[in-house]
Structures are given as structure tokens and as C-alpha cells.
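J.: A structural model of the following input is requested.
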Amino acid sequence: MGVGKSGHIGNKVAATLSSTGSPSYFINAAEALHGDVGAITKKDNVIIFSHSGESEEIVKLLPTLKNIGCSFFSITGDPKSTIAIHSLVNINTSVADEACPLNLAPTTSTTVALALGDAIAVALLEAKDFNSKDFAKSHPGGKLGKRLLLKVSDIMHKEKDLPVVQLSTSLSNCLIEISSKGLGVALILDKNKGLKGIFTDGDLRRSLNQGIDIHNTPISKLMSKNVKTINEEHLATKAIDIMQKNEIYMLIAVDKRNLPSGIIRMHDLMKSGLI
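T.: Reported below is the predicted structural model:
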């Protein structure tokens, strides 16, 4: 809670608390006098920001906060102010001078209050063992959130989009399947849907250079058997690491039964914003 420049600080600190595992919201003290105080319950902890410690709007609210029964704390520049004296705990943020050459505009004092508010948020974060995965859950739209939450299964091509052929499929029919799915590769499966190999544009070039009969040669004689795979439940960032390490542009995703379930390409990782 706060008003004026202290209100802006309180609003920012509330956002920081919420994003680090301590659900919080900001109430403008002036608006609280006209109904917004109804959002506060006995179970809440209120942090009041007021450099003077005498903000009229907040002083008028103190009896109401006491009637609600919530705990309220204050961050003020005067430990002997009205707000400080009536608070359960007060933290003194007095400064010798403001950075403003007129020593009037809240500058140094607001910086101190902001730093202290962030320090409280970090202390709570540590006390709750809030980790990077928890942080990602509250930042799903950010790059960090994607790196810690996005799985291979979330962005891979799967089901009807998968180019799949059998071991006995001819090269010509395999090319038709590749062309229809547009991924530049085909998965070669046995009768039990197990992955036996893949056929890529590189395999095609080698086959054509050898003068292979594309209509009568089974794909099993032309496919690459050394296939790099990744579990579909692994983080997409792991797919990036594997591709970079092996200097390849795609991986075959497999499910918990180790059966092929999708294809993930470097292009897909780029579109997702991970790269």
C-alpha cells in the first residue's frame, strides 16, 4: 500500500513478490478510502510505503486496518512518524539528502525503498525454497519460462503429420510420403512400429549417385540406421544441446515405450523462441 511516488514503489514490489512465490497485490491508499480496503482480509499482511510516515490517506486507514485484524508493517523515512509507531514492525529508510538538487523530489529515498522491497522479496524467495522451475511457472511467456517448461512434446510434429513408411516400401513411394508431409525426412518402422532407421535428403543424394532403381529398391537398403532420438518428455532445450553436439538439424522423439512419437527440428526450436 502507498500513495504518490511511494505508491509506484509499492506497486513494483507487489509485482516482484508475486513473481517470486509470494502472491501480492497493490492497493492505492486513496482508492482504499473509497472501497478498495475491502480487498484486505484478516489473513493478509500489509506492507505500507510512506517516506514521510505521515501520508494523510494512510493515516486515515490505520484504524480500519486494526479493525480488520491484519498485520501491517511499514517502510518509512521517519521511525517516529504516525505510520511507523502504529505498525507491527517499521523499517527506517531515512536518507541525508535526495539526489534532486533541490532536495525535494523523491529520488534517493525511493531508490532505498525499492531496494528494500526487493530485498524482502528475495528473502521470502529463499525462505520458501523458490527455485528456477517455480519462477518459470510465473513467467510462462518469457524466454526463461520457455527454457524451463517447454517440452519436446509441446513443439514436435506428431501423429498424422509424421512421414512414416515400412521397411519394404520402395524408394519412390518413400519420396511421395516425404513430399506429402513436408519435413524432409521419413521414419522407417518395422511391423511392430519400432524405429529401424530414417531416410533424409542426404540419403537420397547418395542413392541417386549410385544409380539406384527408385521403383524396386526397398528403403531398408538405403536408410540410415544411426538415428539420434530424444524422449518426448525431455525439455526442448535438451534437443538443442543434442543437435548442436552432433551437428544435426533434427531428432526423432520417442515415448516411454521407446516407440517413435514425433520429429523435432532446429527450425521448430527457432520458431518457439528458444533460439
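J.: What helix or strand is the closest residue to T107 other than its chain neighbours located in?
T.: What sits nearest to T107 in space, not counting adjacent residues and going by C-beta to C-beta, 6 or more residues apart in numbering, is A99, at 3.9 Å. Bear in mind the C-beta positions are built from the backbone N, C-alpha and C, glycine included. Following DSSP states H and E, one finds A99 outside all helices and strands.
J.: Next up, the contacts around G197.
T.: I188, S220, M223, S224, K225, V227 (C-beta atoms under 8 Å, 6 or more residues apart in numbering).
J.: separation between the nearest residue to I91 once chain neighbours are set aside and I178?
T.: Nearest residue to I91, sequence neighbours excluded (C-beta to C-beta, 6+ apart): I75, at 5.0 Å. Using C-beta to C-beta, to the nearest Å, I75 is found at 64 Å from I178.
J.: With neighbour numbers in mind, choose between those two.
T.: For I75 versus I178, neighbours defined as other C-beta atoms under 10 Å are more numerous around I75 (29 against 19).
J.: what are the phi and psi values for that one?
T.: I75 adopts backbone torsions of phi -120, psi 110, taken as degrees, to the nearest 10.
J.: from what I can see it touches A113, true?
T.: Yes: the pair I75 and A113 qualifies as a contact (C-beta atoms under 8 Å) at a distance of 5.6 Å.
J.: Need the overlap of contacts for these two.
T.: F49, T93.
J.: Number of residues surrounding S261?
T.: 21.
J.: from now on call the first residue 16
T.: Understood, numbering begins at 16; the last thing we discussed is S276.
J.: Work out the sheet partners of the helix or strand in which it is found and label each with its direction, please.
T.: Taking DSSP H and E as the definition, S276 sits inside strand 275-280. Note on strand 275-280: by DSSP bridges, its sheet partners are strand 172-173 (antiparallel), strand 265-269 (antiparallel).
J.: about what we covered before: who does the residue nearest to I106 form a beta bridge with?
T.: Where I90 sits in a bridge, its partners, by DSSP bridges, are F64, I106.
J.: mind listing what it touches?
T.: I62, I63, F64, S65, N105, I106, T108, A128, L131, G132.
J.: tell me the pLDDT at the fourth one?
T.: This points to S65. pLDDT recorded at S65 is 96.
J.: list the contacts for the spatially closest residue to N261 that is not a sequence neighbour?
T.: Computed as C-beta to C-beta, 6+ apart, the closest residue to N261 that is not its neighbour in sequence is K243, at 5.9 Å. With contact taken as C-beta under 8 Å, 6+ apart, K243 is in contact with I257, N261, I263, L266, I267.
J.: what about the fourth one, distance to N246?
T.: Spatial separation of L266 from N246 under the definition C-beta to C-beta is 10 Å.
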